[in-house]
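Visitor: need a structure here:
(chains A, B, C and D)
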2 protein chains.
Amino acid sequence: MATDSAERLRAAGLKVTAPRRAVLAALTGHGHLDAETVFERVRGELPTTSLQAVYGVLSALTGAGLLRRIEPAGSAALYESRTGDNHHHLVCTKCHTVADVDCVVGEPPCLEPTDAGGFAIHTAEVTFWGLCETCRSEPAA
Amino acid sequence: MATDSAERLRAAGLKVTAPRRAVLAALTGHGHLDAETVFERVRGELPTTSLQAVYGVLSALTGAGLLRRIEPAGSAALYESRTGDNHHHLVCTKCHTVADVDCVVGEPPCLEPTDAGGFAIHTAEVTFWGLCETCRSEPAA
DNA sequence: CGAGTTGTTTTGATTCATTCAAAACAACTT
DNA sequence: AAGTTGTTTTGAATGAATCAAAACAACTCG
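Guide: Purely as a prediction, here's the structure:
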């Protein structure tokens, strides 16, 4: 699996470095993390890594298509390892947890505005806002 | 029209002040502006207004439903005067211009995810990304 | 209409996420 | 094994937004 990270980096035309493998490992199959959280996880096994390196890696991997970056209103930028399918997101209004949702209508980009106003659209980004299961079952604060 | 701003503020249960009327006037029918731009416009006719006051006013008016706040990825928060209809937005990938689009499918909130993953959804926010007419017709930089 | 209360604006500082830049360093090439 | 290219470290800076206390203005009530 550590090898797997290396493969994926190489396949994307990127140099294989320890911080890059650690960032990729930290994000693979682990939801939606901000730079700070990725940094903490990476530090666990690679204590010399700097926060700026994490920013650099996140940016490189996002540019290479290995990560996807989302910026829900009110949150710092979040990164996820699920890419290439333009899926959408559910964000909890209370705890800001993020969950994935599959594309709403058929194929990506899923949606067509009735009037594109002269724009040449290439992506439709959908964010659903609501209360997650946990927050729903909690006593109203 | 200056009177109109006052009416709308009063109707929303807010105190009527010069900065509030100026902010409301600056945004009414004028697209999508960030706090800094609103500040500049307000300064034009009310030179003693501070940026912090503008932030305070924007926050108060947004809370009262007189303004809507959007945060497209990569931009500062933008405010618009069109509220209550949960319309969507087109954002130019090149110049970051924002345009409105009417609701995509029928009534707000317009969309239902196929699987809500336990979330109690109350809003669907859609952002379309593409090139605006102006940027399309410009020579590829 | 004038005093009091409540809430707003000003002033000034602070936080947080992110980016920039130069030097030290490591990965891949040949 | 050496060189080139690109990455990471170190340190500083930026931009957007928020916080807090004091000065001030709007609305209420007598």
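Visitor: where in chain A is pLDDT low?
Guide: Filtered on pLDDT under 70, chain A yields the residue ranges A:1-2, A:104-115, A:139-141.
Visitor: ok, longest helix in it?
Guide: Counting residues, the longest helix found in chain A (DSSP state H) is helix A:51-63.
Visitor: next, the buried residues of the helix or strand that that helix is followed by.
Guide: Remark: after helix A:51-63, the chain's next helix or strand is strand A:68-70, criterion DSSP states H and E. Neighbour-count burial for strand A:68-70, counted by 16 or more other C-beta atoms under 10 Å in any protein chain shown, picks out A:68-70. Where C-beta positions appear, they are placed from N, C-alpha and C, glycine not excepted.
Visitor: partners of strand A:68-70 in the sheet?
Guide: Using DSSP bridges, strand A:68-70 pairs in its sheet with strand A:78-80 (antiparallel).
Visitor: so does the strand it pairs with get close to DNA strand D?
Guide: No - taking C-beta under 7 Å from any atom of the strand as the criterion, strand A:78-80 and DNA strand D are apart, separated by no less than 14.6 Å.
Visitor: check whether that strand comes near DNA strand C.
Guide: No - Strand A:78-80 does not reach DNA strand C (C-beta under 7 Å from any atom of the strand); its nearest approach is 8.0 Å.
Visitor: can you name every helix or strand that the following helix or strand past that strand contacts?
Guide: Using DSSP H and E, the next helix or strand after strand A:78-80 towards the C-terminus is strand A:88-92. Contact partners of strand A:88-92 among helices and strands, from 3 or more C-beta pairs under 8 Å, 6 or more residues apart in numbering or on different chains; DSSP states H and E: strand A:98-101, strand A:120-131.
Visitor: not counting strand A:88-92 itself, show me its contacts.
Guide: The contact list for strand A:88-92 (C-beta atoms under 8 Å, 6 or more residues apart in numbering or on different chains) reads A:32, A:70, A:72, A:75, A:97-104, A:110, A:125-132, A:135, B:113, B:116-117, B:119, B:121.
Visitor: contact residues of chain A facing DNA strand C?
Guide: Taking C-beta under 7 Å from any atom of the strand as the contact definition, chain A meets DNA strand C at A:10, A:15-18, A:34-36, A:51-52, A:55, A:59, A:71, A:76-77.
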